[in-house]
Every structure is written in C-alpha cells, then in structure tokens.
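# Attaching a predicted model along with its sequence, questions to come.
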Amino acid sequence: MTATRLPYVKMNGAGNDFIILRVDAPGLDLSPETVRRLCGRDTGPGCDQLIVIEPPSGPDETAFMRVWNADGGKVETCGNALRCVGWLLLEAAGGDRAVIGTLGGATVARRADGTRIEVDMGAPRLDWREVPLAEEMDTRGIELQVGPVDAPLIHTPGAVSMGNPHVVFFTDRQDDDFVRGAGSLIEHHPLFPEGVNVGFAHVLAPDHIRLRVWERGAGLTQACGTGACAALVAAHRRGLTGRSATLALDGGDLTIRWDETTDHVFMTGPVALDGTGTVTL
Ligand SMILES: N[C@H](CCC[C@H](N)C(=O)O)C(=O)O
C-alpha cells in the first residue's frame, strides 16, 4: 500500500492530548501498528489518543469522529477530544453548535466562554449490560475483587458507560503508585469484557471532586472527559454529590452537570492548540 502523508493538528483538553487528522472519506481504518507509531512519544508526534474527523454519517451531524487509544485499540468516544474537535468545527464553520457523531453516540458541542467548550455527552448508560459487565450487578456499587486471591480486597465502585466503559472508586488514595498499580490491574479485569477506564475519585465537597483516571489503552493521563462525567454520575448515584460539580484533574478543571430533565451529562472545559505537522500513514 502506498504511504499517505496527511496534515495533523495537535491539541489538548485539560492536558489530555491528541493528534487530529481530517479526511474526506468515511471509514478510515488504521492498523494498530500505525496508531501505536503515531501515538508513541518516541516514534511519532505522540499523544494519548489519535482522532480522525470524517464527513458526517447522517443528515443531523456536522462531522463524525473516530478514536484510537495509544495502544492501537479503536474505541467508542473521547470527551476531551470532543471539545477539541468541537472547537475546530466551530472555528471553521463560525456556527454556535456542532453535532459530532461517534461510535458511542451523537454529541453536541457549543462555545461556553473564552476557549471553553461545552459538550452534551448524552445520557449515561447505567444498566450492567450497557457498561458492559460480565455478570448482573447493581452498577451503583459493584462487587469487584482486587488483589491476591488469598487476601482479596473487595471494593464496591460505581460502574457507568458514557459510550465507553468506566469504573469509579471513591477513595482519598490519589498517589501515582496506587493509581498506576490498581488501575493497570483493573483495566483488563474479567468483570469488564471490553476492558475499562478506572477512575479514582476523592469527593472534597458536594460540588467538588478530585479525580485521577487510569485510561483503558492509554494509562494515567492528565485528564479524562468521559471519566469526569462517569465520576459525577457515580458520585451522585451514591448520594456523595449534587448533580453538578467541578472535577479537578491533573491537567485542569472540568465542569460536569447531569441534567435532571433531559438525563444528559454536560461537560465544559478548556481546549488548547499545541501545533501542527504532517504524518505518514
Ligand atoms: N481511554 C478511553 C478513550 C479516551 C477517553 C478520554 N481520553 C476522554 O477524554 O474521555 C477508552 O478506552 O474508552
């Protein structure tokens, strides 16, 4: 296959960084090897996720967004990338809203203030089959055995899908060793047949959560947008917070609101343009 050179835009949303390509034809399929090469910080421009903007998949969309994790796996969606893609589309079209289709469902991006973008992430999926889990459980507090079999540590985190799978632990343990150790152990736990993003949420107040996320396929990132949405939903379901909160992540703050009337989750946060370049596919 002949090599293709494409321009890219490098952006980040609260420190979660992306290479963003734009193509004219739908259905671009990238090999895991190509994705890993481009996402590698020593083999390519480097990023947490590779993002491709495609033409709309339906009449109500402005564009369609595909997401690959740095490990080469194609996934459903990415909250921080939706803000960045939303900003690019709004800058290009000059409109005030952009409908972005993803494999995890349709979303709507709007300008909030300054360079902050709000994305309507749609409704959380809360049934065990939608997360998905390998067996029936109450997703408000699932039974998850972590640790050696002879001395199991049973936790009852919340489980939520924002189009992609999340499990959220409520703990004041935020140190790197714990987050990396527990996160990497749980990411591929058999209870999660499609893998899982692992959040560690320290509820500081009914409207304030400190969050770190070990991401499926990317590891510990500066921020996870869908993880922030999942953490707020899981915290509210446990009676730990109201329906809106500031989520303080390593790379910045996200404002998350779970609207009672529409059941939709709204995520508002910063975007930044880091640079441009070209890559060879
Ligand atoms: N690691 C995620 C995809 C990226 C999500 C994250 N970067 C966000 O901002 O939502 C997954 O495998 O589902």
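Done, it's in.

# use CA for all of it now, contacts and neighbours both
Will do.

# quick one, what contacts the closest residue to residue 41 other than its chain neighbours?
Once its chain neighbours are removed from consideration, residue 41 has its nearest residue in residue 47; the separation is 6.9 Å (CA to CA, 6 or more residues apart in numbering). Applying CA atoms under 8 Å, 6 or more residues apart in numbering, one finds that residue 47 lies in contact with 17, 18, 19, 38, 39, 40, 41, 70.

# contacting residues around the residue nearest to residue 22 when sequence neighbours are not counted?
Here the nearest residue to residue 22 in space, its sequence neighbours aside, is residue 53; by CA to CA, 6+ apart that works out to 4.6 Å. Contacts were defined as CA under 8 Å, 6+ apart; by that measure residue 53 touches 20, 21, 22, 23, 63, 64, 65, 66, 85.

# Let's see that with 6 Å instead.
22, 64, 65 (CA atoms under 6 Å, 6 or more residues apart in numbering).

# Save the residues you listed as CSV, and put in secondary structure and pLDDT too.
Output for the contacts of residue 53, formatted as CSV (DSSP: H, G, I helix; E, B strand; the rest coil; pLDDT from 0 to 100):
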residue, secondary structure, pLDDT
22, strand, 95
64, strand, 97
65, strand, 98
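
# Of these - the most surrounded one?
Going through these with other CA atoms under 10 Å as the criterion, the one with the most neighbours is residue 65, at 26 neighbours.

# Let me see the ranges of the strands in the stretch 151-281 of the chain.
With DSSP state E, counting those that start in this stretch as the criterion, the stretch 151-281 of the chain has strands at 153-155, 158-161, 165-170, 197-205, 208-215, 219-220, 244-249, 252-258, 265-269, 272-280.

# quick one: which helix or strand includes the residue nearest to residue 41?
According to DSSP states H and E, residue 47 maps onto no helix or strand at all.

# Residue 72: neighbour count?
Residue 72 - counted by other CA under 10 Å - has 22 other residues nearby.

# Just give the closest residue to it, not the sequence neighbours.
Here the residue nearest residue 72, using CA to CA, 6+ apart, is residue 32, at 4.1 Å.

# and that neighbour, how far is that from the ligand?
Counting by CA to the nearest ligand atom, to the nearest Å, the gap between residue 32 and the ligand amounts to 14 Å.

# Wait, residue 36 touches residue 74, no?
No - the pair residue 36 / residue 74 is not scored as a contact, 11.3 Å apart, by CA atoms under 6 Å.

# Enumerate every residue touching residue 54.
By CA under 6 Å, 6+ apart, the contact set of residue 54 is 23, 26, 63, 64.

# Okay, and the beta partners of it?
Applying DSSP bridges to residue 54 gives these bridge partners: residue 64.
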